[in-house]
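Visitor: pasted the sequence and its predicted model underneath.
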Amino acid sequence: MPSPTAATIIFDLDGTLIDTAPDLAAALNYCLGEAGHGTDALAVVRPEAGHGARAMLTAAYARRGVPLDEPMMLAALDRFLGYYEAHIADASRPYPGVVTAMDALTEAGFELAVCTNKRERLATVLLDQLGLSARFATICGADTVAHRKPHPDHIRETLGRAGGSVAAGAIMIGDSAADIDAADAAGIPSILVDFGYAPEADARAKASITLADYRDLTPKLAWRLLAHRP
Ligand SMILES: O=C(O)COP(=O)(O)O
Ligand SMILES: [Mg+2]
């Protein structure tokens, strides 16, 4: 049971907690192959992996100069998501050091939560298959809420479900401007991970700190950030 007074560490999922790009790229390449196109290398697809299936398909078709109207997009999305769910944890793994960092944070009394623009069901299936779901007080997806990140309500809803609040203390850890902007608008400190999919310059500038290695995500760092709230 989440404690009502615990501070909450909120993780973004894709590109922050889990490196999901290989399985997302495989789902994209399956769709491209089915439509008679060649495949894209992981390095090409990786920067788009944090923006969801629709963005990945849009970019792949734009690279080929092939138009993708809405009915084609909806059919491609169905194919993408069907393949993706069936292969969701084939190659996706937690980033190095994050599980050890979560152990230390939980041990120190922090509540952990996930706030992702992935669909809640997919996020839950992925974390279930990786054996990580039980660590989180809530897994709050894009379709769990009326307004997804960068809207601050996504963070507020995540905190509410986790038994926390802005007043009780919260930190958002993410890899994109959507994460950092949501944290900023909710009035909580943020950590931008350097190794994610979309570390844009404005997110880097706006984040409370940038993290290059999960070994540095310690309870001491979290307490320091909470002591200097924005
Ligand atoms: O699937 C997306 O659009 C991005 O997911 P994320 O918020 O976990 O990075
Ligand atoms: Mg992300």
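Guide: Okay, I see it. Here the structure is a predicted model, which means the values were calculated and not measured. Numbering: from 1, shown residues only. Ligands and ions are numbered 1, 2, ... in the order given.
Visitor: then the longest helix seen in the chain to CSV, C-alphas only?
Guide: Longest helix in the chain by number of residues, with DSSP state H as the criterion: helix 70-86. Provided in CSV are the C-alpha atoms of helix 70-86 (Å, rounded to 0.1, in the frame of the first residue of the first chain):
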residue,chain,number,x,y,z
GLU,A,70,-5.5,8.3,-42.3
PRO,A,71,-7.2,5.0,-43.3
MET,A,72,-3.8,3.5,-44.2
MET,A,73,-2.4,4.9,-41.0
LEU,A,74,-5.1,3.3,-38.9
ALA,A,75,-4.6,-0.1,-40.6
ALA,A,76,-0.8,0.2,-40.2
LEU,A,77,-1.3,1.1,-36.5
ASP,A,78,-3.4,-2.0,-35.9
ARG,A,79,-0.7,-4.1,-37.5
PHE,A,80,2.1,-2.3,-35.6
LEU,A,81,0.4,-2.7,-32.2
GLY,A,82,-0.6,-6.3,-32.8
TYR,A,83,2.9,-7.3,-33.7
TYR,A,84,4.4,-5.1,-30.9
GLU,A,85,2.3,-6.6,-28.1
ALA,A,86,3.2,-10.1,-29.2
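Visitor: ok now the very next helix or strand once past it, how far from the chain's centre?
Guide: Per DSSP states H and E, the first helix or strand lying C-terminal to helix 70-86 is strand 93-94. Distance of strand 93-94 from the chain centroid (CA atoms, centre = their mean, to the nearest Å) equals 12 Å.
Visitor: just stretch 44-54 next, same as before
Guide: Relative to its parent chain, stretch 44-54 has a centroid offset of 12 Å by CA atoms, centre = their mean.
Visitor: that one - what's its average pLDDT?
Guide: Regarding stretch 44-54, the rounded mean pLDDT is 93.
Visitor: for the closest residue to residue 133 other than its chain neighbours, helix, strand, or coil?
Guide: Excluding the flanking residues, the one nearest residue 133 by CB to CB, 6 or more residues apart in numbering is residue 127, at 4.3 Å. Quick note: C-beta positions are derived from backbone N, CA and C, even for glycine. Under DSSP: H, G, I helix; E, B strand; the rest coil, residue 127 falls in the helix class.
Visitor: and residue 127, how many neighbours?
Guide: Neighbour count of residue 127, defined by other CB atoms under 10 Å: 23.
Visitor: how about the residues of the protein by ligand 1?
Guide: 12-15, 50-52, 116-118 (CB under 6 Å from any ligand atom).
Visitor: need the residues you listed in TSV with neighbour count and secondary structure, can you?
Guide: Formatted as TSV, the residues of the chain next to ligand 1 follow (neighbours: other CB atoms under 10 Å; DSSP: H, G, I helix; E, B strand; the rest coil):
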residue	neighbour count	secondary structure
12	30	coil
13	23	coil
14	26	strand
15	25	coil
50	27	helix
51	19	helix
52	18	coil
116	30	coil
117	22	coil
118	26	coil
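Visitor: got a markdown table for those residues, with distance to residue 140 too?
Guide: Shown next, in a markdown table, are the residues of the chain next to ligand 1 (distance: CB to CB, whole Å):
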| residue | distance to residue 140 |
| --- | --- |
| 12 | 11 |
| 13 | 10 |
| 14 | 14 |
| 15 | 17 |
| 50 | 17 |
| 51 | 18 |
| 52 | 16 |
| 116 | 7 |
| 117 | 10 |
| 118 | 10 |
